[in-house]
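Visitor: Build me a model from this:
(one chain, ligands or ions: 1)
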Amino acid sequence: MSTLPATPATPSRTVLITGTSSGIGLAAAVAAARAGWRTVATLRDTSRADALRKAAVEAGVELDIRQLDVVDEASVAAAVDGVIADYGRLDAVVNNAGAGHVGTLELESVADVREVMEVNFFGVLNVSKAALPHLRATGGRLITVTSVGGVVGQPFNEAYCAAKFAVEGYMESLAPVAGAVGVSVSVVEPGAVATEFVNNIDLDLEARIAAAGPYSDALRNYVERTVGQFLNGAQTPEGAAESVVEALTAERPAFRIQTSDWARDFTGNKLTDQDGSAVIGMTGTWVA
Ligand code: NAP
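Guide: Residues are numbered from 1 along each chain as shown. So this is what the prediction gives:
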(Lines give C-alpha, C1' and ligand atoms only; values in the text may rest on other atoms or scores of the structure.)
Protein backbone atom coordinates (compact mmCIF):
# COMPACT_ATOMS: atom_id res chain seq x y z
CA MET A 1 0.00 0.00 0.00
CA SER A 2 1.50 3.32 -1.01
CA THR A 3 1.34 6.32 1.24
CA LEU A 4 0.06 9.52 -0.30
CA PRO A 5 2.35 12.52 0.17
CA ALA A 6 1.13 14.93 2.81
CA THR A 7 -0.64 17.91 1.25
CA PRO A 8 -1.76 20.98 3.13
CA ALA A 9 -5.45 20.71 3.96
CA THR A 10 -7.47 23.05 1.76
CA PRO A 11 -10.12 24.80 3.80
CA SER A 12 -13.54 23.93 2.46
CA ARG A 13 -15.43 26.82 4.05
CA THR A 14 -14.91 30.47 3.21
CA VAL A 15 -15.60 33.44 5.47
CA LEU A 16 -15.39 37.13 4.59
CA ILE A 17 -14.70 39.53 7.47
CA THR A 18 -14.93 43.34 7.28
CA GLY A 19 -12.74 45.87 9.09
CA THR A 20 -9.67 43.70 9.72
CA SER A 21 -6.99 46.41 9.92
CA SER A 22 -7.04 46.28 13.73
CA GLY A 23 -8.84 45.17 16.84
CA ILE A 24 -11.59 42.57 16.88
CA GLY A 25 -11.65 42.18 13.08
CA LEU A 26 -7.92 41.50 12.91
CA ALA A 27 -8.09 39.01 15.79
CA ALA A 28 -11.19 37.35 14.32
CA ALA A 29 -9.51 36.93 10.92
CA VAL A 30 -6.53 35.18 12.49
CA ALA A 31 -8.76 33.07 14.76
CA ALA A 32 -11.05 32.04 11.89
CA ALA A 33 -8.07 30.97 9.77
CA ARG A 34 -6.68 29.08 12.72
CA ALA A 35 -10.06 27.34 13.10
CA GLY A 36 -9.71 26.04 9.54
CA TRP A 37 -11.67 28.62 7.54
CA ARG A 38 -10.44 30.08 4.29
CA THR A 39 -10.48 33.65 5.50
CA VAL A 40 -11.00 36.66 3.27
CA ALA A 41 -9.87 39.51 5.49
CA THR A 42 -11.08 42.82 4.10
CA LEU A 43 -10.01 46.40 4.77
CA ARG A 44 -11.24 49.68 3.37
CA ASP A 45 -7.61 50.70 2.84
CA THR A 46 -5.30 47.78 2.05
CA SER A 47 -2.23 49.94 2.69
CA ARG A 48 -3.18 49.51 6.38
CA ALA A 49 -2.72 45.73 6.30
CA ASP A 50 0.75 45.53 7.93
CA ALA A 51 -0.49 44.60 11.42
CA LEU A 52 -2.85 42.02 9.93
CA ARG A 53 -0.09 40.46 7.83
CA LYS A 54 2.26 40.38 10.82
CA ALA A 55 -0.37 38.72 13.04
CA ALA A 56 -1.04 36.10 10.35
CA VAL A 57 2.66 35.29 10.03
CA GLU A 58 3.03 35.05 13.82
CA ALA A 59 0.03 32.71 14.00
CA GLY A 60 1.24 30.66 11.03
CA VAL A 61 -2.00 31.13 9.09
CA GLU A 62 -2.83 32.31 5.59
CA LEU A 63 -5.23 35.15 4.91
CA ASP A 64 -6.64 36.38 1.62
CA ILE A 65 -6.49 40.16 2.08
CA ARG A 66 -8.86 42.25 -0.06
CA GLN A 67 -10.28 45.76 -0.27
CA LEU A 68 -13.83 46.42 0.98
CA ASP A 69 -15.27 49.71 2.18
CA VAL A 70 -18.66 48.95 3.74
CA VAL A 71 -20.14 52.32 2.76
CA ASP A 72 -19.17 51.94 -0.90
CA GLU A 73 -21.61 49.57 -2.63
CA ALA A 74 -19.33 49.09 -5.65
CA SER A 75 -16.46 48.07 -3.40
CA VAL A 76 -18.74 45.63 -1.51
CA ALA A 77 -19.98 44.07 -4.75
CA ALA A 78 -16.45 43.76 -6.14
CA ALA A 79 -15.23 41.99 -2.99
CA VAL A 80 -18.15 39.55 -2.77
CA ASP A 81 -18.13 38.84 -6.54
CA GLY A 82 -14.37 38.31 -6.38
CA VAL A 83 -14.71 35.72 -3.62
CA ILE A 84 -17.37 33.83 -5.59
CA ALA A 85 -15.28 34.02 -8.79
CA ASP A 86 -12.19 32.68 -7.02
CA TYR A 87 -13.65 30.14 -4.59
CA GLY A 88 -17.16 29.48 -5.89
CA ARG A 89 -18.73 29.79 -2.47
CA LEU A 90 -19.24 31.94 0.59
CA ASP A 91 -20.12 30.19 3.84
CA ALA A 92 -20.08 33.05 6.31
CA VAL A 93 -19.79 36.81 6.62
CA VAL A 94 -18.65 38.65 9.70
CA ASN A 95 -19.81 42.27 9.65
CA ASN A 96 -17.22 43.67 12.01
CA ALA A 97 -16.37 47.12 10.59
CA GLY A 98 -17.69 49.93 12.71
CA ALA A 99 -16.76 53.24 14.24
CA GLY A 100 -17.47 54.85 17.58
CA HIS A 101 -18.87 58.32 18.04
CA VAL A 102 -19.26 60.58 21.07
CA GLY A 103 -21.77 63.40 20.96
CA THR A 104 -25.26 64.51 21.89
CA LEU A 105 -28.11 65.99 19.92
CA GLU A 106 -27.67 69.65 20.82
CA LEU A 107 -23.93 69.50 20.15
CA GLU A 108 -23.99 67.90 16.72
CA SER A 109 -25.87 68.01 13.45
CA VAL A 110 -28.30 65.45 12.12
CA ALA A 111 -25.78 64.97 9.29
CA ASP A 112 -23.25 63.80 11.92
CA VAL A 113 -25.76 61.21 13.11
CA ARG A 114 -26.43 60.09 9.54
CA GLU A 115 -22.71 59.49 9.06
CA VAL A 116 -22.62 57.23 12.12
CA MET A 117 -25.62 55.30 10.75
CA GLU A 118 -23.96 55.06 7.35
CA VAL A 119 -20.96 53.07 8.63
CA ASN A 120 -22.49 51.15 11.51
CA PHE A 121 -25.93 50.35 10.08
CA PHE A 122 -26.14 50.82 6.30
CA GLY A 123 -22.62 49.42 5.93
CA VAL A 124 -23.83 46.20 7.55
CA LEU A 125 -26.82 46.10 5.19
CA ASN A 126 -24.65 46.72 2.11
CA VAL A 127 -22.46 43.72 2.91
CA SER A 128 -25.30 41.49 4.11
CA LYS A 129 -27.41 42.16 1.00
CA ALA A 130 -24.53 41.35 -1.34
CA ALA A 131 -23.71 38.17 0.61
CA LEU A 132 -27.15 36.70 1.27
CA PRO A 133 -27.75 34.92 -2.06
CA HIS A 134 -24.40 33.18 -1.63
CA LEU A 135 -25.02 32.35 2.04
CA ARG A 136 -28.40 30.90 1.00
CA ALA A 137 -26.60 28.67 -1.49
CA THR A 138 -24.32 27.23 1.22
CA GLY A 139 -26.69 27.26 4.20
CA GLY A 140 -24.26 29.80 5.63
CA ARG A 141 -23.97 32.21 8.53
CA LEU A 142 -24.47 35.96 8.78
CA ILE A 143 -22.68 37.28 11.86
CA THR A 144 -22.55 40.91 12.94
CA VAL A 145 -20.44 42.45 15.67
CA THR A 146 -22.79 44.88 17.39
CA SER A 147 -22.11 45.98 20.98
CA VAL A 148 -23.59 45.99 24.43
CA GLY A 149 -24.51 49.46 23.14
CA GLY A 150 -26.89 47.69 20.75
CA VAL A 151 -28.89 46.62 23.80
CA VAL A 152 -28.35 49.33 26.44
CA GLY A 153 -28.43 52.99 25.37
CA GLN A 154 -25.49 54.91 26.83
CA PRO A 155 -24.98 58.61 27.46
CA PHE A 156 -23.20 60.61 24.75
CA ASN A 157 -23.42 57.51 22.53
CA GLU A 158 -26.89 58.32 21.22
CA ALA A 159 -25.98 58.03 17.52
CA TYR A 160 -23.67 55.02 17.97
CA CYS A 161 -26.20 53.15 20.12
CA ALA A 162 -29.02 54.07 17.71
CA ALA A 163 -27.01 52.52 14.88
CA LYS A 164 -26.20 49.40 16.90
CA PHE A 165 -29.84 49.12 18.11
CA ALA A 166 -30.86 49.41 14.45
CA VAL A 167 -28.53 46.56 13.51
CA GLU A 168 -29.83 44.42 16.38
CA GLY A 169 -33.46 45.13 15.46
CA TYR A 170 -32.78 44.46 11.80
CA MET A 171 -30.95 41.19 12.47
CA GLU A 172 -33.46 40.00 15.10
CA SER A 173 -36.21 40.56 12.52
CA LEU A 174 -34.23 39.02 9.68
CA ALA A 175 -33.18 35.92 11.68
CA PRO A 176 -36.40 33.92 11.23
CA VAL A 177 -36.72 34.97 7.58
CA ALA A 178 -33.12 34.03 6.79
CA GLY A 179 -33.57 30.88 8.89
CA ALA A 180 -36.48 29.86 6.66
CA VAL A 181 -34.03 29.72 3.71
CA GLY A 182 -31.26 28.04 5.70
CA VAL A 183 -29.08 31.01 6.76
CA SER A 184 -28.24 31.42 10.44
CA VAL A 185 -28.05 34.98 11.82
CA SER A 186 -26.15 35.99 14.98
CA VAL A 187 -25.07 39.18 16.66
CA VAL A 188 -21.92 39.33 18.80
CA GLU A 189 -22.03 41.87 21.62
CA PRO A 190 -18.72 43.06 23.10
CA GLY A 191 -18.37 45.36 26.09
CA ALA A 192 -15.18 47.43 26.37
CA VAL A 193 -12.41 45.88 24.25
CA ALA A 194 -8.84 47.22 24.14
CA THR A 195 -8.58 48.12 20.43
CA GLU A 196 -8.05 51.24 18.34
CA PHE A 197 -11.79 51.93 18.76
CA VAL A 198 -11.45 54.85 21.19
CA ASN A 199 -8.39 56.35 19.44
CA ASN A 200 -10.16 56.08 16.09
CA ILE A 201 -12.96 58.30 17.37
CA ASP A 202 -10.39 61.04 16.82
CA LEU A 203 -11.62 63.30 19.49
CA ASP A 204 -10.00 66.15 21.35
CA LEU A 205 -11.86 65.45 24.56
CA GLU A 206 -10.73 68.50 26.51
CA ALA A 207 -11.79 70.78 23.66
CA ARG A 208 -15.12 68.98 23.35
CA ILE A 209 -15.77 69.20 27.10
CA ALA A 210 -14.89 72.91 27.09
CA ALA A 211 -17.28 73.50 24.18
CA ALA A 212 -20.10 71.41 25.62
CA GLY A 213 -21.77 74.34 27.47
CA PRO A 214 -24.53 73.00 29.74
CA TYR A 215 -23.38 69.43 29.04
CA SER A 216 -19.76 69.96 30.13
CA ASP A 217 -19.99 68.41 33.60
CA ALA A 218 -22.01 65.43 32.39
CA LEU A 219 -19.61 64.84 29.49
CA ARG A 220 -16.57 65.05 31.77
CA ASN A 221 -18.14 62.56 34.19
CA TYR A 222 -19.00 60.22 31.35
CA VAL A 223 -15.51 60.43 29.85
CA GLU A 224 -13.76 59.85 33.18
CA ARG A 225 -15.90 56.79 33.90
CA THR A 226 -15.45 55.37 30.42
CA VAL A 227 -11.68 55.89 30.33
CA GLY A 228 -11.49 54.13 33.72
CA GLN A 229 -13.56 51.26 32.35
CA PHE A 230 -11.27 50.86 29.32
CA LEU A 231 -8.12 51.10 31.46
CA ASN A 232 -9.27 48.63 34.12
CA GLY A 233 -11.73 46.22 32.60
CA ALA A 234 -11.32 46.01 28.84
CA GLN A 235 -11.34 42.59 27.23
CA THR A 236 -8.60 41.68 24.73
CA PRO A 237 -9.52 41.65 21.02
CA GLU A 238 -8.50 37.97 20.96
CA GLY A 239 -11.00 37.28 23.75
CA ALA A 240 -13.80 39.03 21.84
CA ALA A 241 -12.79 37.19 18.65
CA GLU A 242 -13.40 33.85 20.41
CA SER A 243 -17.10 34.72 20.39
CA VAL A 244 -16.95 35.40 16.65
CA VAL A 245 -15.42 31.95 16.16
CA GLU A 246 -18.15 30.49 18.37
CA ALA A 247 -20.75 32.06 16.05
CA LEU A 248 -18.88 30.59 13.07
CA THR A 249 -18.39 27.09 14.40
CA ALA A 250 -21.09 26.20 16.97
CA GLU A 251 -23.52 23.64 15.62
CA ARG A 252 -26.46 25.90 16.45
CA PRO A 253 -25.10 29.35 17.33
CA ALA A 254 -27.26 31.54 19.55
CA PHE A 255 -28.77 34.63 17.96
CA ARG A 256 -27.23 36.87 20.64
CA ILE A 257 -23.70 36.13 21.88
CA GLN A 258 -22.02 38.32 24.52
CA THR A 259 -18.23 38.25 24.47
CA SER A 260 -17.63 38.30 28.26
CA ASP A 261 -19.32 37.74 31.60
CA TRP A 262 -19.36 41.51 32.03
CA ALA A 263 -21.23 41.94 28.73
CA ARG A 264 -23.68 39.17 29.72
CA ASP A 265 -24.44 40.84 33.08
CA PHE A 266 -24.69 44.30 31.53
CA THR A 267 -27.09 43.33 28.73
CA GLY A 268 -28.96 41.15 31.21
CA ASN A 269 -29.89 44.35 33.08
CA LYS A 270 -31.80 45.48 30.01
CA LEU A 271 -33.35 42.24 28.95
CA THR A 272 -35.22 41.94 32.27
CA ASP A 273 -35.98 45.67 32.59
CA GLN A 274 -39.47 45.95 31.18
CA ASP A 275 -40.20 49.55 32.19
CA GLY A 276 -36.67 50.88 31.56
CA SER A 277 -36.11 52.10 35.12
CA ALA A 278 -33.14 49.83 35.88
CA VAL A 279 -31.19 50.97 32.81
CA ILE A 280 -31.95 54.68 33.16
CA GLY A 281 -31.24 54.44 36.92
CA MET A 282 -27.83 52.91 36.14
CA THR A 283 -26.73 55.14 33.25
CA GLY A 284 -27.97 58.24 35.10
CA THR A 285 -25.26 57.65 37.68
CA TRP A 286 -22.62 57.69 34.92
CA VAL A 287 -23.14 61.38 34.22
CA ALA A 288 -23.95 62.56 37.75
P1 NAP B 1 -11.13 49.29 15.66
O2 NAP B 1 -9.83 48.70 16.09
O3 NAP B 1 -11.27 50.76 15.51
O4 NAP B 1 -11.57 48.55 14.31
C5 NAP B 1 -12.63 49.01 13.52
C6 NAP B 1 -12.40 48.51 12.13
O7 NAP B 1 -13.49 48.95 11.29
C8 NAP B 1 -11.11 49.06 11.51
O9 NAP B 1 -10.50 48.02 10.78
C10 NAP B 1 -11.62 50.15 10.58
O11 NAP B 1 -10.78 50.37 9.46
C12 NAP B 1 -12.90 49.48 10.12
N13 NAP B 1 -13.77 50.41 9.40
C14 NAP B 1 -14.25 51.61 9.79
N15 NAP B 1 -15.00 52.15 8.81
C16 NAP B 1 -14.98 51.26 7.77
C17 NAP B 1 -15.54 51.23 6.47
N18 NAP B 1 -16.29 52.24 6.01
N19 NAP B 1 -15.34 50.13 5.69
C20 NAP B 1 -14.58 49.11 6.13
N21 NAP B 1 -13.98 49.10 7.33
C22 NAP B 1 -14.19 50.16 8.15
O23 NAP B 1 -12.27 48.89 16.69
P24 NAP B 1 -12.85 47.48 17.20
O25 NAP B 1 -13.08 47.65 18.62
O26 NAP B 1 -12.04 46.35 16.73
O27 NAP B 1 -14.27 47.49 16.46
C28 NAP B 1 -14.78 46.36 15.78
C29 NAP B 1 -16.28 46.28 16.00
O30 NAP B 1 -16.53 46.06 17.39
C31 NAP B 1 -17.03 47.56 15.64
O32 NAP B 1 -18.23 47.22 14.97
C33 NAP B 1 -17.33 48.18 16.98
O34 NAP B 1 -18.48 48.99 16.94
C35 NAP B 1 -17.52 46.96 17.83
N36 NAP B 1 -17.35 47.16 19.28
C37 NAP B 1 -16.16 47.59 19.80
C38 NAP B 1 -16.05 47.78 21.16
C39 NAP B 1 -14.77 48.24 21.84
O40 NAP B 1 -14.80 48.58 23.02
N41 NAP B 1 -13.65 48.26 21.17
C42 NAP B 1 -17.16 47.53 22.00
C43 NAP B 1 -18.34 47.10 21.43
C44 NAP B 1 -18.42 46.91 20.07
P45 NAP B 1 -9.73 51.60 9.38
O46 NAP B 1 -8.49 51.07 10.02
O47 NAP B 1 -9.59 51.84 7.92
O48 NAP B 1 -10.35 52.75 10.12
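
Visitor: ok, residues contacting the helix or strand of the chain with the lowest mean pLDDT?
Guide: Least confident helix or strand, the chain: helix 197-200 with a mean of 78, by mean pLDDT, DSSP states H and E. Defining contact as CB atoms under 8 Å, 6 or more residues apart in numbering, one finds that helix 197-200 is touched by 23, 99-100, 230. Using the backbone N, CA and C atoms, a C-beta is placed for each residue, glycine as well.

Visitor: buried stuff in that helix?
Guide: Neighbour-count burial for helix 197-200, counted by 16 or more other CB atoms under 10 Å, picks out 197-198.

Visitor: ditto for stretch 241-253
Guide: Residues 241-248, 253 are the ones in stretch 241-253 that count as buried (16+ other CB under 10 Å).

Visitor: Let me know the secondary structure of the residue of the stretch 51-200 of the chain found nearest the ligand.
Guide: As assessed by CB to the nearest ligand atom, the ligand sits closest to Gly98 within the stretch 51-200 of the chain, at 2.3 Å. Assigned with DSSP: H, G, I helix; E, B strand; the rest coil, Gly98 falls in the coil class.

Visitor: So which bits of the stretch 1-150 of the chain are right by the ligand?
Guide: For the stretch 1-150 of the chain, the residues in contact with the ligand (CB under 6 Å from any ligand atom) are 18-25, 44-45, 48, 69-71, 96-99, 119, 123, 145, 147.

Visitor: ChimeraX command to pick out the buried ones of those residues?
Guide: Those of these that count as buried under 16+ other CB under 10 Å are selected in ChimeraX with:
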select :18,19,20,21,22,23,24,25,44,69,70,96,97,98,99,119,123,145,147
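
Visitor: Where does pLDDT dip in this structure?
Guide: Across the chain, the ranges flagged by pLDDT under 70 are 1-10, 202.

Visitor: show me where the stretch 51-200 of the chain has strands.
Guide: 64-67, 92-95, 141-145, 184-189 (DSSP state E, counting those that start in this stretch).

Visitor: most tightly surrounded among these?
Guide: strand 92-95 (a mean of 29; mean count of other CB atoms under 10 Å).

Visitor: So what touches it?
Guide: Here strand 92-95 makes contact (CB under 8 Å, 6+ apart) with 13-18, 25, 28, 32, 37, 70, 123-124, 127-128, 131, 135, 140-145, 167, 244, 247-248.

Visitor: Next, format the buried residues of stretch 241-253 as a markdown table and append distance to the ligand.
Guide: What follows is the buried residues of stretch 241-253, written out as a markdown table (distance: CB to the nearest ligand atom, whole Å):
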| residue | distance to the ligand |
| --- | --- |
| Ala241 | 9 |
| Glu242 | 14 |
| Ser243 | 11 |
| Val244 | 10 |
| Val245 | 15 |
| Glu246 | 15 |
| Ala247 | 13 |
| Leu248 | 16 |
| Pro253 | 18 |
